[in-house]
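Engineer: structural data only, the sequence is not supplied:
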């Protein structure tokens, strides 16, 4: 992976952690850098970014909140956090807390496919299409 792509990934990860960039801006920058997908794994506290070439780059997630990931998956809770983020009311640090409280153990952002898959600890999946996706 070239240094420019790594720098873009690191910049986007930091802006997310700081709560200074919205999801749409992150998606645009990562797509422009050639990233096709990324996986945020709450249990290992890392996000791994994937390029079509098979190259990957991992970045640490912010430290988890004091509360553990809820045992039950609450798709409505995930959707509420997503809608808050879409309205610009919920930035990433709060999204992490809300989604963990809803039993989410991680999510896969499919930039090329224009959707996100959110996972529960028993294999539950909630798929959310990007607002502009067909």
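Structural biologist: Perfect, thanks for sending it. Keep in mind that this is a model prediction, so the values were computed, not measured.

Engineer: residue ranges with poor pLDDT in this structure?
Structural biologist: Low-confidence segments of the chain (pLDDT under 70): 65, 133-134.

Engineer: now the strands: where do they sit in it?
Structural biologist: 37-41, 46-50, 56-60, 104-110, 115-120, 125-129 (DSSP state E).

Engineer: by contact count, what packs against the third one?
Structural biologist: Applying 3 or more Cβ pairs under 8 Å, 6 or more residues apart in numbering; DSSP states H and E, we find strand 56-60 packed against helix 3-18, strand 46-50. Every C-beta, even on glycine, is put in place using the N, C-alpha and C of the backbone.

Engineer: what do you get for the first one?
Structural biologist: Packing contacts for strand 37-41, counted by 3+ Cβ pairs under 8 Å, 6+ apart, involve strand 46-50, strand 104-110.

Engineer: got the angle between it and helix 3-18?
Structural biologist: Interaxial angle, strand 37-41 versus helix 3-18 (axes from the mean of the first three to the mean of the last three Cα atoms, to 10 degrees): 40 degrees.

Engineer: list the contacts for the residue sitting nearest the centre point of the chain?
Structural biologist: The residue lying closest to the centre of the chain (Cα atoms, centre = their mean) is residue 40, at 5.3 Å. Contacts here follow Cβ atoms under 8 Å, 6 or more residues apart in numbering; on that basis residue 40 touches 47, 61, 106-109.

Engineer: most neighbours among these, please name it.
Structural biologist: Most neighbours among the contacts of residue 40, by other Cβ atoms under 10 Å: residue 109, with 25 neighbours.

Engineer: so in terms of bridging, what pairs with that residue?
Structural biologist: residue 38, residue 116 (DSSP bridges).

Engineer: what's the most buried one of the helices and strands packed on strand 56-60?
Structural biologist: strand 46-50 (a mean of 20; mean count of other Cβ atoms under 10 Å).

Engineer: so what does that one touch, helix or strand wise?
Structural biologist: strand 37-41, strand 56-60.
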